[in-house]
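> Let's see this in three dimensions:
(chains A and B)
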Amino acid sequence: MSARERILGRVRRALADVPRDDTPYERAVVRDYLREHGERTVEQTVDLLAENLADYRAVVHRTDFDELPYLVMRLLAERGSQYVLVPPGLPPEWMSAADPTRIHDRAVSTPQELDRVESVVTGCAVAIAETGTIVLDGSPDQGRRRITLVPDHHICVVRVPEQVVSSVPQALERLDPARPLTWISGPSATSDIELDRVEGVHGPRTLEVVLLPS
Amino acid sequence: MSGTFVGMPAFPEAAREAVRDATLRGNLRHATHTIRAKRAKAVAEVPDWDRLREAGKRIKDHTLLHLDRYLEQLEASVTAAGGTVHWAADAEEANRIVAGLVKATGESEVVKVKSMATQEIGLNEALEAEGIRAYETDLAELIVQLGKDRPSHILVPAIHRNRGEIRDIFRREMGAWGRPAPDGLTDTPAELAEAARLHLREKFLRAKVGISGANFMVAETGTLVVVESEGNGRMCLTLPETLISVVGIEKIVPTWRDLEVFLQTLPRSSTAERMNPYTSMWTGTTDGDGPRAFHLVLLDNGRTDTLADEVGRQALRCIRCSACLNVCPVYERAGGHAYGSVYPGPIGAILSPQLRGTGSEIDASLPYASSLCGACYEVCPVAIDIPEVLVHLRERVVEGGQVTSRGDKVVLKPAKGHAAERAAMRAARWAFSHPGALRTGQRLASRTRRLHPRTLPGPGRAWSGTRDLPEVPAEPFRDWWRRTDGGKDGVK
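Predicted structure coming up:
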């Protein structure tokens, strides 16, 4: 007998005492919890996102479309970055004023090559105000997961308000599980030393989020 | 479960040792009190906490009661998304599968994301025996691995170490495993984190095989979820060419939407954050992004035995947040090692004896590692009634009875060492059903009260060693009741 058959057989025997229940799953679990916490205007939701991002040590910037290239230029210059990774579908105008050499992520790029790049600029799929979270889904303006992981400095542009939702349930509704997803809430951190939070371990130690009105 | 803890003394002896260690007690007190207040604040931010908790409980219960169906659905979804599913009935089988998969890649080292399941099966030791070196990459796991130590907490396995001890371990051991600790390393947490970053980076960048567990597996989509803080999880899940995930069969949720409950309750319960820094979700393999091969090893290892117990099966709802450890007065004083298992604290006290059976001394003693205060149940985000299961398991230890072991029904004999307790209970049953004898006995006890010892002799000594014996009143209650007509005539 295969392990599969053995385990499934054990499960069925273990549940022999349970009366058969064919209630469809949608009705089997009561979901009377809130879809979002509190009522807010669109502006207030964006403000909450900014507040919660900052609370977990992300650096938040607000700008407009004309100023964005200069903001990106300034942020990269302040880091002293010589190389910046750009995903294939990043709007070229975002980078139009930036000085560092643009590195395009290629399938053959090794992790060691990525490790020599200081910064990365991406868009995002959705941002969650209540938790201060941005979610990447590998779309062309975000690229492969590794490019937002290995460099130490991540600049993420969120289009507001259309990419912002209030809550976790609303975010899941917008996301496609078939895509690889990365949820990011502040820079990398650890609570492993005396259960106290310290920022800066393996992921980017500086996360800058740019809120860009459309 | 793994052989790591074989030969552990029963909980009371191990705990007695631990409470004598002042450093350990100080470290634990500091850490658990820090997180307790923070968790309460994070939970208070969410006005519908009780409803989320109830929904989480129901989702898990429903899944467990239809586990065969959801396992088959998950297997189909993962396979359709490009993954390969393996089944492992026990630790040995799981270790053999993983070692075989690693060998097939031609590699002799792997990077690991913190995973309770692989701890439970002793995977690192099994790989070592096959000539494969496993590098732990979670900061606390790294501290444990470098210190040749054992984990003592579900979330923060090195909670028993303070910053000074961690610095000493890094200075002493890092060089033997790879890049040594920086010169002049101090004990500030930021510098220690930096040292871990430098030490592990070369391992991440060259790794060809990653091994993980998972917090959740979604049956309908085949999606796996790993919740973490440091980014070591992302490194292990995305940079290697081959990813092997070893996951307990109880980690399934039926639908994508179910994540909306647990992604709200888990971070607040474990690290007391609105959201943990990083959560990775992947479904099979994706062309050009992440590992080209994905293997999922579904692990039983005592879970189906636990499922067969009507009362005990609720332990399988556990999402490994560790909130119950952080509030437990027993854990705070005894520490994690005394539980003799990778699952310490209240949840460990009900999980280990069910996954492993109550055959060993340590497992038979774990249901007693509690004062039944119920704080664990209060904070549990999936409402596991830990005190209820503890009492149920105590009964099993004392009385014996039918249980399931490795899929077979067996009858347990009553445990040794509880003969006095059973005799006392039998005597009580007889006395309470013989009113005349009870009355005579009570009167005799009242008259001889001045002669009663402060502690019990013989087998009762251990019991009264930590308790005050109640004083026998001068007059039995029933005599008083009759004499005063239930207190009506005002006579004292």
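> residue contacts, the residue nearest to residue B:335 when sequence neighbours are not counted?
Leaving aside its chain neighbours, residue B:335 sits nearest to residue B:18 (4.7 Å; criterion: Cβ to Cβ, 6 or more residues apart in numbering or on different chains). (Glycine included, C-beta is placed from N, CA and C.) Under the criterion of Cβ atoms under 8 Å, 6 or more residues apart in numbering or on different chains, the contact list for residue B:18 reads B:24-25, B:333-335, B:337-338.
> Including neighbour count, could these go into TSV?
As requested, these are arranged in TSV below (neighbours: other Cβ atoms under 10 Å in any protein chain shown):
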residue	neighbour count
B:24	22
B:25	17
B:333	16
B:334	26
B:335	25
B:337	21
B:338	28
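> among these, which are in helices?
Using DSSP state H to define helices, the subset of the contacts of residue B:18 located there is B:24-25, B:333-334.
> Out of those residues, which is nearest to residue B:348?
Distance to residue B:348, by Cβ to Cβ, is smallest for residue B:334 among those, at 11.2 Å.
> Can you give me the buried ones in stretch B:360-373?
Buried positions in stretch B:360-373, judged by neighbour count with 16 or more other Cβ atoms under 10 Å in any protein chain shown: B:360-370.
> And the helix-or-strand element of chain A with minimal mean pLDDT, what does it pack against?
Using mean pLDDT, DSSP states H and E, the weakest-scoring helix or strand in chain A turns out to be strand A:196-199, at a mean of 80. Strand A:196-199 is packed against strand A:189-193, helix B:189-206, with contacts defined by 3 or more Cβ pairs under 8 Å, 6 or more residues apart in numbering or on different chains; DSSP states H and E.
> which of those sits most buried?
strand A:189-193 (a mean of 28; mean count of other Cβ atoms under 10 Å in any protein chain shown).
> That one pairs with which strands, parallel or anti?
strand A:196-199 (antiparallel) (DSSP bridges).
> now the strands for the chain?
Let's take chain A. Here chain A has its strands, by DSSP state E, at A:59-62, A:83-86, A:101-104, A:119-122, A:126-128, A:133-136, A:153-160, A:164-165, A:181-184, A:189-193, A:196-199, A:206-213.
> That was the other one, I meant chain B.
B:84-88, B:109-112, B:133-136, B:209-212, B:216-218, B:223-228, B:242-248, B:252-253, B:278-283, B:293-299, B:401-405, B:408-412.
> Those: which one's closest to residue B:434?
Residue B:434 lies closest, by Cβ to Cβ, to one member of the strands of chain B: strand B:401-405, at 27.5 Å.
> hmm, back to that, adding distance to chain A and pLDDT, write the ones in helices among the contacts of residue B:18 out as a markdown table.
Listed next are the ones in helices among the contacts of residue B:18 as a markdown table, based on distance: Cβ to the nearest Cβ, whole Å; pLDDT from 0 to 100:
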| residue | distance to chain A | pLDDT |
| --- | --- | --- |
| B:24 | 13 | 89 |
| B:25 | 14 | 91 |
| B:333 | 17 | 94 |
| B:334 | 17 | 94 |
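> For chain A, which residue occupies the most central location?
Nearest to the geometric centre of chain A sits residue A:135, at 2.8 Å (Cα atoms, centre = their mean).
> What's opposite that one in the beta bridge?
According to DSSP bridges, beta-bridge pairing links residue A:135 with residue A:126, residue A:183.
> Now chain A against chain B: closest residue?
Nearest residue of chain A to chain B, counting by Cβ to the nearest Cβ: residue A:203, 2.8 Å away.
> Nearest spatial neighbour of that residue, chain-adjacent residues omitted?
In space, residue A:203 is closest to residue B:231, 2.8 Å off (Cβ to Cβ, 6+ apart).
> just checking, residue B:361 touches residue B:13?
No. Under the criterion of Cβ atoms under 8 Å, residue B:361 makes no contact with residue B:13, lying 9.0 Å away.
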